[in-house]
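J.: Sequence plus predicted model, see below.
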Amino acid sequence: NKKVAVIAILAGGLLTAVLVGSLAIASAQEEEAKNASVPQINGTVNVKDAARNFVNENVKVSFVDAAATAQAQVEGGRVLGGHIGVVQGYLVYNFIVTDASGENVYKVIVDVGNGEVLHKSDGQQFGAMMFGHRGFGPGGFGQGKHFGGWAMNPQGMGWNN
């Protein structure tokens, strides 16, 4: 069971890295399409490299360590999922953690720079979220809202598109 959780967490970290890289590449490709009539240029500031360097220079805490910190915030906690993202202008890890009973879930936000817990929500009933089509919102949980890139839906937890 712990092996599955570790593999899921590592997969989440890898997926996050791929998504961050993909966003930078997609942005650059959009710009390239807009400037299709412009010949190849070589400027002094490469956005893809700058974004990659920014993340590499500022992420001091690994995804796995941050997940362990988030998990420790809830008695008998288990991380269901998480990702790196921006909340209120800060680069953070966002995690969904369930309690020992599996009946309540919490959102836990961990600072990528120092590993401190920046926020832990009140617990919300997991079943009500699943069957009530509810997701995490800015002030807690709310109908039709989402938490970062994650949302609860009738089929379970998944990425928002």
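T.: Nice, thanks for sending it over. Residues are numbered from 1 along each chain as shown.
J.: mind checking the SS state of residue 45?
T.: Classification of residue 45 using DSSP: H, G, I helix; E, B strand; the rest coil returns coil.
J.: So for it, what's the pLDDT?
T.: Residue-level confidence at residue 45 comes out at 84, pLDDT.
J.: what separates it from residue 63, distance-wise?
T.: Separation of residue 45 from residue 63 (Cβ to Cβ, to the nearest Å): 28 Å. (Each C-beta comes from the backbone N, C-alpha and C, glycine too.)
J.: between these two, who's got more neighbours?
T.: Comparing residue 45 with residue 63 by other Cβ atoms under 10 Å, the one with more neighbours is residue 63, at 23 against 6.
J.: That one contacts residue 82, correct?
T.: Yes: under the criterion of Cβ atoms under 8 Å, residue 63 makes contact with residue 82 at 7.3 Å.
J.: Direction included, what does the helix or strand residue 106 falls within pair against?
T.: In the assignment (DSSP states H and E), residue 106 maps to strand 104-111. With DSSP bridges as the test, strand 104-111 is paired with strand 90-98 (antiparallel), strand 117-120 (antiparallel), strand 124-125 (antiparallel).
J.: Just send these back as JSON lines, with distance to residue 54 too.
T.: Shown next, in JSON lines, are the strands paired with strand 104-111 (distance: least, Cβ to Cβ, whole Å):
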{"stretch": "strand 90-98", "distance to residue 54": "8"}
{"stretch": "strand 117-120", "distance to residue 54": "19"}
{"stretch": "strand 124-125", "distance to residue 54": "33"}
